[in-house]
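*Asks:* Here you go, sequence then predicted model.
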Amino acid sequence: MTSTLHDQLREYGDQFRSALPTIGVEDAVGAPRAVEPGRQLRRAPQWKRGLLVTAATAVVALLLIGGSALLRSPGGVESPPATEPISTTATSPPMTATSVPPRPDTTAPQPVGEDAWTVLEVPVVGSGGFIADVAVDEAGLVAVGYECNDDCVTTSPAIWVSAAGSEWARVESADESLGTGSLQAVARGGPGWVAIGLKRGDEGGSAIAIWWSENGREWQQAPATADFTGTWRVPLGLAVADSHLIAVGTGMDESGVFGRVWSSNDGLTWTTTAELRDAELVGATSFEAGFLAVGNAVDENDNFVVAAWTSEDGTEWTKVLHQSETFGGQLGAVAAASGGAIAIGGMPDTAWVSVDGSSWAKVEELELPMETRAVLADERGFTIVGLGAWWTSADGATWQRIDEELFIDAAFGAVARTGSRLIAVGSQAGQIPTVWVQDPTGG
């Protein structure tokens, strides 16, 4: 029986090969093409589908004729059934309709290479959350954000630390001081580290709060000032120039919206130094000999358009305002280095670059995903991380886009560099706090 089956298989194979048309190498291989996300692959030509159906029919017939012989291993002994490898991780509880999607498998092999990113698991207490910002110094990294309680009906501020960006620990000792609310930004300054966020009061409502730490692990709340109370929007921003710190935020009162600036020389005591009516301040950075803040402001036609402000000391601010057709929308993030500044936002989201913080040029070739907020400026140039891709530029004029599958279901809060590594923070799959690492050295 076995020899007959072999003869039949050989005969069918000869017939199948003789029916194939002659195809050149170029036709069979072709030039490599990238498949766009969400795009369906084309079906095979009709003649190929016909041959595949014929071959499949022949195989099924042979299995029906001599299936028992083909399913046996040499010597007539049946192969043992395959077994799944034993899991070395604890089994997760069954998910309910309100459960957070499972964490991505960070133990599986991940891409390697100069542009490859990896996903890191971040310890979380609660049902999810978001990492809003990350800051770096020679001792390590500190990231801040929030965790969800009761399926994100309420949130609690959270802090994570890492020595080099490859492993992260949650700072549990800060829970009692942080209370309920969220952290929005963190910076290296004052006694060591400073973070800003919203803290919910015992009787409801939220006030701006600032915390400080000497080592990133033990945190204390700075004394509250009278104008920390009120109705505030997120995001909030922090910036440090030399030993001087500023914080920016957007408030609302009976007269409308306003941007407010607080200043501190030590990170512990804060005072209000500026208020900008009919404006929103969402981000700030140090630049040249002072500060640069971004957001939007009302123009002469009562439209909110993108705006930027510069200040030497955080007290007196000069507004840089462009008309809607030039600037448009709202700037959502800003970063600066010695080579220049970059701000992102607008309608649709794109980037603007500046050499002095006052004169800005729109990068026409960039069309960024909505709500792109992760931007970095350093000695290597500019980096933007967003939904589905990341962008790099040495001069702010010429940009390279690199698609990244790990970013398809991601939302980003910030991106930073430590050594050769890029560190991006945010969440994925809706509300799973996540860190992504890109290391061209493979370390």
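*Replies:* Good, I have the coordinates. Remember, it's a predicted structure, so these values are computed and weren't measured experimentally.

*Asks:* switch to C-alpha atoms for all contacts and neighbour counts from now on
*Replies:* Noted.

*Asks:* ok, residue 402 to residue 365 distance?
*Replies:* 14 Å (C-alpha to C-alpha, to the nearest Å).

*Asks:* Equivalent analysis for residue 267, please.
*Replies:* 40 Å.

*Asks:* try residue 400
*Replies:* 10 Å.

*Asks:* can you tell me which residues contact residue 219?
*Replies:* Residue 219 makes contact with 173-174, 177, 211-213, according to C-alpha atoms under 8 Å, 6 or more residues apart in numbering.

*Asks:* which phi and psi does it have?
*Replies:* Here is the backbone geometry of residue 219 (degrees, to the nearest 10): phi -120, psi 140.

*Asks:* circling back to that earlier point, tell me the one of the contacts of residue 219 nearest residue 241?
*Replies:* Using C-alpha to C-alpha, residue 212 is the member of those that lies nearest residue 241, at 16.8 Å.

*Asks:* Of residue 267 and residue 365, give the one with the bigger neighbour count.
*Replies:* Neighbours were counted for residue 267 and for residue 365 using other C-alpha atoms under 10 Å; residue 267 has more, 25 against 11.

*Asks:* Sketch out the low-pLDDT regions of the stretch 1-150 of the chain for me.
*Replies:* Residue ranges of the stretch 1-150 of the chain with pLDDT under 70: 1-114.

*Asks:* Also the stretch 301-443 of the chain?
*Replies:* Within the stretch 301-443 of the chain, the stretches with pLDDT under 70 are 321-328, 442-443.

*Asks:* So which bits of stretch 187-202 are buried?
*Replies:* By neighbour count with 16 or more other C-alpha atoms under 10 Å, stretch 187-202 contains the buried residues 187-190, 193-200.

*Asks:* Apologies, that question was intended for stretch 334-353.
*Replies:* Neighbour counts over stretch 334-353 (16+ other C-alpha under 10 Å) mark 334-337, 339-347, 349-353 as buried.

*Asks:* So which of the residues you listed sit within strands?
*Replies:* 334-337, 340-345, 350-353 (DSSP state E).

*Asks:* need those residues in a markdown table with distance to residue 388, can you?
*Replies:* A markdown table is the format used below for these (distance: C-alpha to C-alpha, whole Å):
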| residue | distance to residue 388 |
| --- | --- |
| 334 | 20 |
| 335 | 21 |
| 336 | 24 |
| 337 | 26 |
| 340 | 26 |
| 341 | 24 |
| 342 | 21 |
| 343 | 20 |
| 344 | 17 |
| 345 | 17 |
| 350 | 15 |
| 351 | 17 |
| 352 | 21 |
| 353 | 22 |
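
*Asks:* Show me which of those residues is closest to residue 437.
*Replies:* Nearest to residue 437 out of those is residue 335 (C-alpha to C-alpha; 19.5 Å).

*Asks:* can you give me the helices in the stretch 301-443 of the chain?
*Replies:* For the stretch 301-443 of the chain, applying DSSP state H, counting those that start in this stretch gives no helices.

*Asks:* And the strands in it?
*Replies:* Secondary structure of the stretch 301-443 of the chain (DSSP state E, counting those that start in this stretch): strands located at 304-311, 318-321, 331-337, 340-345, 350-354, 360-362, 374-378, 381-386, 389-393, 400-403, 410-418, 421-428, 432-438.

*Asks:* To residue 278, which of those strands lies closest?
*Replies:* Short answer: strand 304-311, nearest of the strands of the stretch 301-443 of the chain by C-alpha to C-alpha, at 8.6 Å.

*Asks:* Name the strands paired with the closest one and say parallel or antiparallel.
*Replies:* Sheet partners assigned to strand 304-311 using DSSP bridges are listed as strand 290-298 (antiparallel), strand 318-321 (antiparallel).

*Asks:* Show me how far the shortest one is from its chain's centre.
*Replies:* Shown here is strand 318-321, whose average C-alpha point lies 29 Å from the average C-alpha point of the whole chain (C-alpha atoms, centre = their mean, to the nearest Å).

*Asks:* So what touches it?
*Replies:* Taking C-alpha under 8 Å, 6+ apart as the rule, strand 318-321 contacts 297, 299, 305-311, 358-359.

*Asks:* Only whichever of the residues you listed are buried, select them in ChimeraX.
*Replies:* Buried residues among the contacts of strand 318-321 (16+ other C-alpha under 10 Å), as a ChimeraX selection:
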select :297,299,305,306,307,308,309,310,311
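
*Asks:* I'd like the contacts of strand 318-321 as TSV, with distance to residue 146 appended.
*Replies:* Shown next, in TSV, are the contacts of strand 318-321 (distance: C-alpha to C-alpha, whole Å):
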residue	distance to residue 146
297	29
299	35
305	30
306	28
307	28
308	28
309	29
310	30
311	31
358	34
359	36
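
*Asks:* Tell me the one of the buried residues of stretch 187-202 nearest residue 261?
*Replies:* Sorting the buried residues of stretch 187-202 by how near they are to residue 261, with C-alpha to C-alpha, puts residue 196 at the top with 12.6 Å.

*Asks:* Listing partners with orientation, what would you give for the helix or strand encompassing that closest one?
*Replies:* Residue 196 belongs to strand 192-200 when assigned by DSSP states H and E. Paired neighbours of strand 192-200 in the sheet (DSSP bridges): strand 181-189 (antiparallel), strand 206-213 (antiparallel).

*Asks:* Now mean pLDDT and distance to residue 263 too, for these, in JSON lines please.
*Replies:* Converted to JSON lines, those look like this (pLDDT from 0 to 100; distance: least, C-alpha to C-alpha, whole Å):
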{"stretch": "strand 181-189", "mean pLDDT": "95", "distance to residue 263": "12"}
{"stretch": "strand 206-213", "mean pLDDT": "92", "distance to residue 263": "12"}
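
*Asks:* Give me the neighbour count for the nearest residue to residue 207 once chain neighbours are set aside.
*Replies:* Using C-alpha to C-alpha, 6 or more residues apart in numbering and skipping the chain neighbours, the partner closest in space to residue 207 is residue 229 (4.6 Å). Counted with other C-alpha under 10 Å, residues neighbouring residue 229 total 16.
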